[in-house]
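In: only the shape, not the letters, is given here:
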């Protein structure tokens with residue numbers, strides 16, 4: 001199973017004032033994803049709407065962003081990645097965005113709700 005994570009959607013599952021420092025929230029999420037991927041062996045890509053500044057690098061997971069920052073651009077990038085993949089059925093998208101979920105299912109992939117996934121990450 002490969003995982004595509006709607007980064008800001010997962011971050012937004014906790015009202016922990018992440019909006020005051022989006023970059024720090026992104027770094028925390030990448031750190032949790034790295035620990036989970038290393039422990040589970042999962043193949044993980046996190047998608048953000050805009051490039052983290054400064055960049056966030058990882059040797060464990062792939063950190064990427066939409067080519068153009070705008071509302072729902074990460075959603076559009078996730079769908080683009082699914083449509084370009086030869087085996088979308090092997091991908092699970094982490095999001096609680098219902099509109100994105102519908103598009104993910106139409107592209108042949110499955111969905112994992114963001115809040116339970118975040119709870120899983122925090123338990124690692």
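Out: Arrived safely. The shown structure was predicted, so the numbers you read here are calculated from the model rather than taken from an experiment.
In: please, which helix or strand holds residue 115?
Out: Assigned by DSSP states H and E, residue 115 belongs to helix 114-123.
In: next, the buried residues of that helix.
Out: The neighbour-count check on helix 114-123 (16 or more other CB atoms under 10 Å) flags 114, 117-118, 121 as buried. Any C-beta I mention is one placed from the backbone N, CA and C, and that applies to glycine too.
In: and for it, what's in contact with it?
Out: By CB atoms under 8 Å, 6 or more residues apart in numbering, the surrounding residues in contact with helix 114-123 are 5-6, 9-10, 12-14, 32-33, 35-36, 94-96.
In: now the buried members of those residues.
Out: The neighbour-count test (16+ other CB under 10 Å) applied to the contacts of helix 114-123 identifies 5-6, 9-10, 12-13, 32-33, 36, 94-96 as buried.
In: nearest to residue 59 among those?
Out: residue 33 (12.4 Å; CB to CB).
In: residue 50: neighbouring residues, count only.
Out: 15 (other CB atoms under 10 Å).
In: spatially nearest residue to it (excluding sequence neighbours)?
Out: Of all residues beyond its chain neighbours, the one nearest residue 50 is residue 69 (3.5 Å), with distances taken as CB to CB, 6 or more residues apart in numbering.
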